[in-house]
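1. Sequence isn't available, so here's the structure alone:
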């Protein structure tokens, strides 16, 4: 009798469909450092958050839906280690917030996400990974919606023979216009052995739709095209990038508050960016260096060149010490500033040192 009951229980359990498993991970970065900014209207020394990498806490998860398909999500909040405040007041997951599906044909996600252009700058072009005083964000146009866009649908293709494609569409969602505020981006990546090459494009409609008695504003299209590559030579890793920026808002200044006083600098609407960099591992440390040149093609001819040197030392797999120095030579009233992963900076020189812990 007992054996019959056990057999019946086993049959009953076999008849109940298995529940899909959801895997959720909590992750983050805690980063704080000392920053010394010089060369602006006034020098500035402070303890600041997110110097090497922006401090954050996030939640990501996947659920196996069967048949080779899975659901995924990511929610990520940026915060300030030095004060405990959120990066952006009135928001919770200001860095990223999206949900999507992944299958053999690729991955589709919806929500607030990185642009393909910014992922190219930070992940392929810059040995400083868009952090420290050597950040490529000081010179490349990576402000505002060039970094992340809300209301975005993104498609990531599977990798075929080392090639991956990415497309993103961000709705402007302005009443009365289907195009005002719209942003379209894409990237094509080739990675094989020690070589990685990525071509990215960003197209931003800067128009503002009419609202009530306020007339529509026509500002046109701003575009950014960037070719980036890096190669691991074994003893060091080399980086190179070249960008073309055209149109209104194609080259916004990271710090638009006239940091040097005098005549306010003018954001370029036609410029070229070139970068050469290197990452040289030495034991548990890595030396970072880069040179970035800005060629302003407008009549203002406000060119600039950035020189940067940094060093990171891994105390463990999760904890890293860092230090760096960056200097920008502005020409003919250009207003580029030396910032870091989180801040735009206030002068043409900056030194920083700090610690970063990931979990």
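-> Structure's in. What do you need? All values reported here derive from a predicted model rather than from experimental measurement. Numbers count the residues shown, from 1 in each chain.

2. residue contacts, residue 101?
-> 65, 69, 70, 71, 72, 107, 108 (C-beta atoms under 8 Å, 6 or more residues apart in numbering). Where C-beta positions appear, they are placed from N, C-alpha and C, glycine not excepted.

3. 10 Å instead?
-> Residues counted as contacts of residue 101 (C-beta atoms under 10 Å, 6 or more residues apart in numbering) are 65, 69, 70, 71, 72, 107, 108, 109, 110.

4. Quick check: phi and psi on the spatially closest residue to the second one that is not a sequence neighbour?
-> For residue 69, the nearest residue in space outside its immediate sequence neighbours is residue 103; the separation is 4.6 Å by C-beta to C-beta, 6 or more residues apart in numbering. Dihedral pair for residue 103: phi -140, psi -180, per degrees, to the nearest 10.

5. how near is residue 103 to residue 87?
-> 33 Å (C-beta to C-beta, to the nearest Å).

6. Those two - which one has more neighbours?
-> Set residue 103 next to residue 87 and count neighbours by other C-beta atoms under 10 Å: residue 87 wins out with 17 against 13.

7. Run a quick check on that one versus residue 57, I expect a contact.
-> No - the pair residue 87 / residue 57 is not scored as a contact, 11.2 Å apart, by C-beta atoms under 10 Å.

8. what do the two both touch?
-> With C-beta under 10 Å, 6+ apart, residue 87 and residue 57 have common neighbours 77, 78, 79, 95.

9. And the pLDDT at the last one?
-> The per-residue pLDDT reported for residue 95 equals 97.

10. residues in contact with it?
-> Contacts of residue 95 by C-beta under 10 Å, 6+ apart are 54, 56-58, 74-79, 87-88, 112-114, 147-148.

11. Find the nearest non-adjacent residue to it, please.
-> That would be residue 76: by C-beta to C-beta, 6+ apart, it lies 4.2 Å from residue 95.

12. Give me the number of neighbouring residues for residue 176.
-> Using other C-beta under 10 Å, residue 176 is surrounded by 9 other residues.

13. That one and residue 87, how far apart?
-> 32 Å.

14. got it, and residue 187?
-> 25 Å.

15. just residue 138 next, same as before
-> For residue 138, the distance to residue 87 - C-beta to C-beta - is 19 Å.

16. cool, and residue 324?
-> Going from residue 324 to residue 87 by C-beta to C-beta gives 21 Å.

17. Same check on residue 153?
-> 25 Å.

18. do residue 114 as well
-> 15 Å.

19. partners of residue 48 in the sheet?
-> Beta-bridge pairing of residue 48 under DSSP bridges involves residue 33.

20. burial count for the residue nearest to residue 95?
-> The number of residues packed near residue 76 is 20, by other C-beta under 10 Å.

21. Please identify the helix or strand for it.
-> strand 69-78 (DSSP states H and E).

22. Secondary structure element holding the closest residue to residue 355 other than its chain neighbours?
-> With C-beta to C-beta, 6+ apart as the criterion, residue 355 has its nearest non-adjacent residue at 5.6 Å, and that residue is residue 321. Assessed by DSSP H and E, residue 321 sits inside strand 319-330.
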